[in-house]
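S.K.: Fold the following, please.
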Amino acid sequence: MDRATFACSTAFFRDYSSSSQSAFCLPAGHVDFIDKVESFTYSDFFRDYLIPNHPCIFSAKFTDGWGSRRNWVTWDGKPDFDHLLQKFGDAIVPVANCDVKEYNSNPKEQLPFKEYINYWKEYIKNDYRSSRGCLYLKDWHLGRTPFHADVFRSYSWSANICGRKKWLLYPPGQEDYLKDRHGNLPFDVTAPGLQDKSVYPRYNQSQPPVEIVQEAGEIVFIPSGWHHQVYNLEDTISINHNWVNGCNVAIMWCFLQDELAAVQREINEWKDPMDDWHLQCQLIMKSCTGIDYKEFYNFLKVIAENRISILENGLDDEASAKNTPKAAISTLGMLHAVFDLKRTVKVLTSLSANEDFKKLDLTSLSPPPEALLHHLKAAIDTALL
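M.R.: Below you'll find the model as predicted:
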């Protein structure tokens, strides 16, 4: 991160509420297509897309050198089943049945990868029909995915190794208009049933989704809190990644607060007779989201200690050569570490003051929140001298 981007990011989060996603809406549904690898920098990406929370598409030039694009694909752009079997044949993989709805997702099973490839070949041979339904291998996005936002409201990118996808994107806040009268999101945003006002009373107030067709080799960046639904237009393999940084960690914290509040409303009738009601709420939230408030504190601690280490000690040559988070943030620069720490202080201060957090047994947290906050602020002050 360069100094101009650091100044821009600092000003942005000073002028806008850290939890306000309405300030991040995309104007006129336009999605930028980034074509020039040599002239596009991380600072450009940070300033123009991470901070304002805007999606974008990277051209296939950005993945030209990837080994997966050379080795996982045949000469005519199809999945190379022989290579994939040789590479991953004995792996056990999670597979969802896209033709079956189970609550608001698809039922899943564990299959040997070689069995899945045999299914895939037969599925293609039978004109994309099978008595087993349309099976979707998690992380390779074989079939369409139900309407969702990414885990913890994280950022994500999805690179097509081969094949084509269609994306339907809704900016943060638009998903509220798509909920049914019970507050549940639809499984499929294209289903005719959404026109039924008795079930989806606010659907007519929603904006049309932003539509993207992603070609082979291209990368789609999905910002925090953007709900989306994805269709494979042909046989497709994708590589996907999720991450959180200083730009969206406050959105993650707001998401966790909303999730806990939803759990508390759901089991409110048991609040008085249940002595450990607040602990049960944390447990249920963790079962739904994968994390509770104490684990979120530890998440912030790991990030903070990593950034502090960079500021206080730098990075030696041996550590730089390793593929570690510490080495990655060092590559991005000291100013990025300072920015992440400043945003972590903001969220950690809010977490420490949160009444539900204070009801938990915090004696197991090391260091205590107050000590960690003091260390963070001291490291930032020293770095900015």
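S.K.: how's this structure carved up into domains?
M.R.: 26-243, 249-383 (automatic domain parsing).
S.K.: how about low-confidence regions in the stretch 101-250 of the chain?
M.R.: 103-104, 139-151 (pLDDT under 70).
S.K.: show me where it has helices.
M.R.: 113-125, 249-266 (DSSP state H, counting those that start in this stretch).
S.K.: So which elements touch the longest one?
M.R.: For helix 249-266, the helices and strands in contact under the criterion 3 or more Cβ pairs under 8 Å, 6 or more residues apart in numbering; DSSP states H and E are helix 277-289, helix 293-313, helix 334-353. C-beta coordinates here come from the backbone N, C-alpha and C atoms, glycine included.
S.K.: Let's check: the centremost residue of the chain is which one?
M.R.: Using Cα atoms, centre = their mean, the residue of the chain that lies closest to the mean C-alpha position is Ser154, 3.2 Å off.
S.K.: What is the burial count for the nearest residue to that one once chain neighbours are set aside?
M.R.: Closest residue to Ser154 apart from its sequence neighbours, by Cβ to Cβ, 6 or more residues apart in numbering: Asn242 at 4.3 Å. Asn242 has 14 neighbouring residues, counting by other Cβ atoms under 10 Å.
S.K.: Run a quick check on Asn242 versus Ser158, I expect a contact.
M.R.: No. Here Asn242 does not reach Ser158: they are 10.0 Å apart, not a contact under Cβ atoms under 8 Å.
S.K.: Quickly list what's touching both of those two.
M.R.: Residues touching both Asn242 and Ser158 (Cβ atoms under 8 Å, 6 or more residues apart in numbering): there are none.
S.K.: Highest mean neighbour count out of the helices and strands packed on helix 249-266?
M.R.: Of all those, helix 334-353 has the most neighbours on average by mean count of other Cβ atoms under 10 Å, namely a mean of 20.
S.K.: still on that earlier bit, state the distance from the residue nearest to the centre of the chain to Leu283.
M.R.: Distance of Ser154 to Leu283, computed by Cβ to Cβ, to the nearest Å: 23 Å.
S.K.: where do the strands sit along the protein?
M.R.: Ranges of strands in the chain, per DSSP state E, are 32-34, 56-58, 92-97, 108-112, 135-137, 145-148, 155-162, 165-170, 210-214, 219-222, 227-232, 237-243.
S.K.: Check the gap between the closest residue to Phe357 other than its chain neighbours and Trp270 for me.
M.R.: Nearest residue to Phe357, sequence neighbours excluded (Cβ to Cβ, 6+ apart): Tyr293, at 4.9 Å. For Tyr293, the distance to Trp270 equals 19 Å [Cβ to Cβ].
S.K.: wait, which of the helices of the stretch 101-250 of the chain is closest to Asp235?
M.R.: helix 113-125 (6.8 Å; Cβ to Cβ).
S.K.: Ile34 against Ala60, yeah?
M.R.: No. Ile34 is beyond contact range of Ala60, at 11.2 Å (criterion: Cβ under 8 Å).
S.K.: ok, back up a step: same list (the strands of the chain) but as TSV, adding distance to Val347.
M.R.: Listed next are those as TSV, based on distance: least, Cβ to Cβ, whole Å:
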stretch	distance to Val347
strand 32-34	29
strand 56-58	25
strand 92-97	31
strand 108-112	32
strand 135-137	34
strand 145-148	23
strand 155-162	16
strand 165-170	25
strand 210-214	28
strand 219-222	21
strand 227-232	23
strand 237-243	16
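S.K.: wait, which of the ones you listed is closest to Leu50?
M.R.: Closest among the strands of the chain, once you apply Cβ to Cβ, is strand 155-162, at 7.2 Å.
S.K.: Just list what the closest one packs against, helices and strands only.
M.R.: helix 67-71, strand 219-222, strand 237-243.
S.K.: so how far is the first one off the chain centroid?
M.R.: When distances are taken as Cα atoms, centre = their mean, to the nearest Å, helix 67-71 is centred 25 Å away from the chain's centroid.
S.K.: which outside residues touch it?
M.R.: 63, 80, 83, 161-162, 217, 237, 239.
S.K.: Over to the second one?
M.R.: Where contact means Cβ under 8 Å, 6+ apart, the residues beyond strand 219-222 that reach it are 49, 55-58, 62-63, 150, 155-160, 165, 167, 169, 212, 214, 228.
S.K.: Mind doing that once more with 7 Å?
M.R.: Counting by Cβ atoms under 7 Å, 6 or more residues apart in numbering, strand 219-222 makes contact with 49, 55-58, 62-63, 150, 156-159, 167, 212, 214, 228, all of which sit outside it.
S.K.: Same check on stretch 292-299?
M.R.: Residues contacting stretch 292-299 (Cβ under 7 Å, 6+ apart): 256, 282, 285-286, 351, 356-357, 360, 365, 369.
S.K.: for stretch 195-203, same thing?
M.R.: Stretch 195-203 is contacted from outside by 177-178, 180-181, 193-194, using Cβ under 7 Å, 6+ apart.
S.K.: is it true that Pro186 touches Tyr177?
M.R.: No. Assessed by Cβ atoms under 7 Å, Pro186 is found out of contact with Tyr177, at 10.8 Å.
S.K.: between those two, which one's more packed in?
M.R.: It is Pro186, of Pro186 and Tyr177, that has more neighbours when counted by other Cβ under 10 Å, with 20 against 16.
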